[in-house]
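Colleague: Got a predicted structure plus its sequence, pasted below:
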Amino acid sequence: MLEIRDVSFSVSDEERDKEKGILEHVSFTLEDNKFVAITGPNGGGKSTLAKIIAGIEKPTQGRIFFDGQDITDWSITDR
């Protein structure tokens, strides 16, 4: 089971001297043996969410659990 709890991700917008929110407070649970498709417009955060789940990016806030174990800080290889 994969569980995403209150995940947010933002980047620095140096032009405007502030943070730009890409994902804000995303939470969901994917049960074992289920297939889910995530759709949405360009720039909606789909690829960013995939990168966070894979460990390519680290969330600004929130945690990621796999089979009940917190994997938020695990490397790509460990995941």
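Modeller: The structure has been received and is ready for your questions. Here the structure is a predicted model, which means the values were calculated and not measured.

Colleague: Next, residue 48: phi, psi?
Modeller: phi -60, psi -40 (degrees, to the nearest 10).

Colleague: Assign a three-state SS to residue 51, would you?
Modeller: helix (DSSP: H, G, I helix; E, B strand; the rest coil).

Colleague: Could you tell me which residues make contact with it?
Modeller: residue 57 (CB atoms under 8 Å, 6 or more residues apart in numbering). C-beta: built from backbone N, CA, C; applies to glycine.

Colleague: now it: how far from residue 74?
Modeller: 14 Å (CB to CB, to the nearest Å).

Colleague: Other residues contacting stretch 2-18?
Modeller: 19-30, 45, 48-49, 52-53, 57, 59-66.

Colleague: Any of those buried? List them.
Modeller: Buried residues within those, counting neighbours by 16 or more other CB atoms under 10 Å: 22-23, 26, 45, 48-49, 52-53, 57, 59-60, 62, 64.

Colleague: I'd like the residues you listed laid out as a markdown table, including distance to residue 79.
Modeller: Output for these, formatted as a markdown table (distance: CB to CB, whole Å):
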| residue | distance to residue 79 |
| --- | --- |
| 22 | 20 |
| 23 | 18 |
| 26 | 18 |
| 45 | 20 |
| 48 | 16 |
| 49 | 15 |
| 52 | 11 |
| 53 | 8 |
| 57 | 12 |
| 59 | 14 |
| 60 | 19 |
| 62 | 16 |
| 64 | 9 |
